[in-house]
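**Student:** Below are the sequence and a predicted model; questions follow.
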Amino acid sequence: MFLIPSPKKLEIKKGTLQLRRDSEIVLDYRCDFDDLNAAILLQEEIEQRLGFKLVINKSYDCNSNKIIIHFKKTIGPKEAYSLNISGKCIEISAATSIGIFYGVQTLRQIVRQYGSILNNLKIEDEPYFANRGFYHDVTRGRVPTLKNLMELVDRASFYKINQLQLYIEHTFAFKGMSEIWMDKDPLTAEEILILDQYCIKKHVELIPSLSTFGHMYEVLRSKSFNKLCELDNSEGGEYSFENRMNSHTLDSTNEDSIKLVEKMLTQYMPLFSSNTFNICCDETFDLGKGKSKAKADEVGVGRLYVDFLNKVIDIVQKKGKKVMFWGDVILLHPELLDDISKDAICLNWDYNENANEDGTKAITESGMEQYVCPGVWGWNQLVNKVDKGFENIKRMVAYGVKYGATGVLNTDWGDFGHINFLSSSIPGMAYGASLSWNPNGEKEFENVFKGLSLIEYGDDSLTLVSLLNQLSKKQVVGWFELVEWKENHSKNLKFNESLNKLDWEEILDGYNLACEIETKFTTLSKKVCINTFDLQEFIVSARAIQLVDSFFLNLLKNEYGKDVKDTVFMPNDLAENLEIWFCDYAKIWRARNKESELYRIREIIVYACKYLRGISSITC
């Protein structure tokens with residue numbers, strides 16, 4: 001039996017119970033409307049999987065000759081539940097509606113595996129970490145539709161995630177700042193309010209997250225706000241994926257900087273029912289290198305950072321909110337940890353697959369509360385690097401256990417235009433949810449892949465997620481290299497040297513594997529019966545890997561004189577195939593996302609195709 005997360009205690013017993021058309025879902029008389037929502041969720045699951053719709057009732061007792069699914073209120077921890085299947089009764093008991101909801105999610109997974117005939121069993125379950133979060137980037141190119149965000153909430157809560165954060169730099173429609181979001185399809189106040197309400201229904205806390213120090217590229221390159229940038233000459237200029245990741249930090253010595261931050265915070269905070277706010281304040285790469293250099297030389301870059309951080313914390317705390325902030329900068333200056341409010345939560349991120357425990361240990365020794373924050377390894381990738389994400393998650397959760405972290409926040413970033421689809425982040429999201437609920441749960445990656453293939457996609461061959469992992473491991477070159485080539489090949493000697501060192505045979509092997517796995521994905525269309533649209537995204541992504549591999553094979557042959565035996569596509573044909581692929585990709589993008597910054601991905605493809613046709617004209 002595959003269950004994600006693994007329950008704290010599971011006992012399989014002899015015998016089975018069969019759900020029938022005349023079975024009923026019966027609520028204990030103490031159950032409320034939240035429990036009714038959980039009952040409807042279970043009712044819908046059974047109808048989708050088994051074809052019949054169970055009646056929902058409410059009663060002082062559950063005496064019946066029929067098979068009963070009984071929701072019972074009892075006493076115990078807030079998120080704990082028990083699930084018992086025996087005789088003619090399936091009983092989910094919990095002290096709260098949250099516990100009932102989690103018991104329903106477990107039962108849904110069992111139904112997905114076994115249909116109407118269920119093993120007798122007993123589960124006693126509760127989470128290890130009280131705070132189990134997922135962090136989704138909605139600012140670096142891809143802005144999801146409200147419907148898609150609701151689907152994300154459904155999928156996160158299915159694995160018992162209870163916190164969601166959406167990363168915002170410029171993709172919210174701030175009043176008085178239309179200059180920075182008018183061509184980005186931003187989220188609106190109304191959408192946030194509706195999403196927050198929906199999250200509450202699914203027992204998920206929607207925690208706001210807003211860049212307030214570093215990573216303010218679109219804000220600080222604008223006509224109205226560029227004067228607040230740490231570096232001079234920040235206004236306008238050619239858009240650069242690389243620059244937007246590595247520059248445009250607020251000038252902390254300019255009083256108008258904190259006024260801008262306060263303006264944004266004051267608009268954004270009231271939209272959320274959460275009493276917590278993530279002010280980010282990470283990767284302030286330019287701090288002390290421009291307008292604040294004199295002050296940094298006087299007091300130190302660390303002091304400059306902490307002083308501005310405390311100003312932002314003060315704004316949020318005065319509104320009655322608890323503050324979260326990313327811990328990367330302060331860990332460079334650990335001697336200043338004591339100068340930050342102990343009421344703040346440090347979000348300790350390390351996305352390396354070989355992440356060490358040093359940062360986690362240092363924050364614990366300072367007495368500050370922390371979440372450990374791994375990542376699902378999707379940034380800059382055509383397909384998330386599944387195994388690297390899993391390894392990082394496993395390590396960071398283990399450090400969180402060892403050093404007493406109060407939560408896990410599993411991150412999903414979209415650097416360089418967010419080319420990768422959310423679907424390839426789902427396995428990492430589920431694995432993070434699993435270990436943050438039960439750190440002693442299943443850690444063997446292939447077993448998790450099998451369970452996810454069945455539970456998440458209905459693939460009874462148990463191969464889908466393993467295939468995705470195989471595909472992700474063969475990205476010798478990918479979106480990162482293609483973007484870097486566009487932005488740097490004419491001016492960066494070091495980058496050109498790195499391209500010259502690429503092994504064309506290894507790239508060709510990756511191409512061939514991507515072709516093979518695309519075929520297997522297509523064959524699995526017969527098997528996948530849940531979240532079927534994800535499979536189409538996987539197929540489009542496999543095709544992208546083939547085309548980018550072929551592009552670099554052409555590049556190595558024509559620019560670096562490599563003896564490439566098989567370029568797979570001739571340049572002119574490859575250009576046409578890339579353009580056809582992009583049209584298909586755009587359709588898939590628009591099915592779940594706003595138009596947002598799809599045009600920036602198009603610009604990369606157009607540039608590559610012009611280059612390829614240039615090769616063709618020379619060879620002809």
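**Tutor:** Alright, I've got the coordinates. Residues are numbered from 1 along each chain as shown.
**Student:** Just checking, which helix or strand of this protein averages the lowest pLDDT?
**Tutor:** Taking mean pLDDT, DSSP states H and E as the measure, the chain has helix 493-500 as its least confident helix or strand, at a mean of 87.
**Student:** Just give me how far the helix or strand following that helix sits from the chain centre.
**Tutor:** Scanning forward in sequence from helix 493-500 by DSSP states H and E, the next helix or strand is helix 504-523. Relative to the mean C-alpha coordinate of its chain, helix 504-523 is positioned 26 Å out (C-alpha atoms, centre = their mean, to the nearest Å).
**Student:** Which stretches in the stretch 351-500 of the chain count as helices?
**Tutor:** 358-366, 386-402, 426-437, 445-457, 464-473, 479-488, 493-500 (DSSP state H, counting those that start in this stretch).
**Student:** Out of the ones you listed, which one sits most buried?
**Tutor:** Among those, ranked by average contacts under mean count of other C-beta atoms under 10 Å, first place goes to helix 426-437 (a mean of 28). From N, CA and C alone the C-beta is placed, and that goes for glycine too.
**Student:** can you state the direction angle for that one and helix 386-402?
**Tutor:** Here helix 426-437 runs at an angle of 20 degrees relative to helix 386-402 (axes from the mean of the first three to the mean of the last three C-alpha atoms, to 10 degrees).
**Student:** about what we covered before: between the helices of the stretch 351-500 of the chain, which gets nearest to L3?
**Tutor:** L3 lies closest to helix 445-457 among the helices of the stretch 351-500 of the chain, at 7.6 Å (C-beta to C-beta).
**Student:** name the helices or strands packed onto that closest one?
**Tutor:** helix 97-114, helix 386-402, helix 426-437, helix 464-473, helix 532-559 (3 or more C-beta pairs under 8 Å, 6 or more residues apart in numbering; DSSP states H and E).
**Student:** Could you export the first one as CSV, CA atoms only?
**Tutor:** Going back to what we said before, that points to helix 97-114. Taking Å, rounded to 0.1, in the frame of the first residue of the first chain, the C-alpha atoms of helix 97-114 are listed here in CSV:
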residue,chain,number,x,y,z
SER,A,97,-12.3,19.3,11.2
ILE,A,98,-8.7,19.5,10.2
GLY,A,99,-8.1,16.0,11.4
ILE,A,100,-11.2,14.7,9.7
PHE,A,101,-10.0,16.4,6.5
TYR,A,102,-6.7,14.7,6.7
GLY,A,103,-8.3,11.3,7.4
VAL,A,104,-10.4,11.8,4.2
GLN,A,105,-7.2,12.6,2.2
THR,A,106,-5.7,9.3,3.3
LEU,A,107,-8.9,7.4,2.5
ARG,A,108,-9.0,9.0,-1.0
GLN,A,109,-5.5,7.6,-1.6
ILE,A,110,-6.6,4.1,-0.5
VAL,A,111,-9.7,4.3,-2.8
ARG,A,112,-7.4,5.3,-5.7
GLN,A,113,-5.4,2.2,-5.2
TYR,A,114,-7.9,-0.4,-4.4
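**Student:** Against which helices or strands is that helix packed?
**Tutor:** Contacts defined by 3+ C-beta pairs under 8 Å, 6+ apart place helix 97-114 against helix 33-50, strand 68-73, strand 81-86, strand 89-94, strand 117-125, helix 146-158, helix 445-457.
**Student:** got the buried residues for that helix?
**Tutor:** Going by neighbour count (16 or more other C-beta atoms under 10 Å), the buried part of helix 97-114 is 97-113.
**Student:** Wait, W349 touches W326, no?
**Tutor:** Yes - contact criterion C-beta atoms under 8 Å: W349 and W326 qualify, at 6.2 Å.
**Student:** what sits opposite the residue positioned nearest the centre of the chain in the beta ladder?
**Tutor:** Centroid-nearest residue in the chain: D412, 3.0 Å away (criterion: C-alpha atoms, centre = their mean). Listed beta-bridge partners, D412: H136 (assigned using DSSP bridges).
**Student:** What's the separation between it and Y135?
**Tutor:** 6 Å (C-beta to C-beta, to the nearest Å).
**Student:** got a list of what R112 touches?
**Tutor:** The contact partners of R112, taken as C-beta atoms under 8 Å, 6 or more residues apart in numbering, are E45, R49, L454, I455, G458, I530.
**Student:** returning to that earlier point: packed most tightly, which of the helices and strands packed on helix 97-114 would that be?
**Tutor:** strand 89-94 (a mean of 23).
**Student:** The nearest residue to L36 once chain neighbours are set aside: what secondary structure?
**Tutor:** Of all residues not flanking L36 in the chain, L27 sits nearest, at 6.8 Å (C-beta to C-beta, 6 or more residues apart in numbering). Under DSSP: H, G, I helix; E, B strand; the rest coil, L27 falls in the strand class.
**Student:** what mean pLDDT does stretch 360-380 have?
**Tutor:** Average pLDDT, stretch 360-380: 97.
**Student:** Report the separation between the two terminal residues of that stretch.
**Tutor:** Between the opening and closing residues of stretch 360-380 lies a distance of 26 Å (C-alpha to C-alpha, to the nearest Å).
**Student:** Using a markdown table, please lay out the helices and strands packed on helix 445-457 together with distance to V153 and mean pLDDT.
**Tutor:** A markdown table is the format used below for those (distance: least, C-beta to C-beta, whole Å; pLDDT from 0 to 100):
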| stretch | distance to V153 | mean pLDDT |
| --- | --- | --- |
| helix 97-114 | 13 | 98 |
| helix 386-402 | 20 | 98 |
| helix 426-437 | 12 | 98 |
| helix 464-473 | 21 | 97 |
| helix 532-559 | 16 | 97 |
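**Student:** Reformat the ones you listed as CSV; add distance to N380.
**Tutor:** Output for those, formatted as CSV (distance: least, C-beta to C-beta, whole Å):
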stretch, distance to N380
helix 97-114, 33
helix 386-402, 12
helix 426-437, 15
helix 464-473, 12
helix 532-559, 12
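**Student:** how about the helices and strands packed on helix 97-114 in TSV, adding distance to K394 and mean pLDDT?
**Tutor:** Formatted as TSV, these follow (distance: least, C-beta to C-beta, whole Å; pLDDT from 0 to 100):
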stretch	distance to K394	mean pLDDT
helix 33-50	29	98
strand 68-73	34	96
strand 81-86	25	98
strand 89-94	29	97
strand 117-125	21	98
helix 146-158	19	98
helix 445-457	9	98
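**Student:** From N148, how far out is K160?
**Tutor:** Taking C-beta to C-beta as the measure, K160 and N148 are separated by 21 Å.
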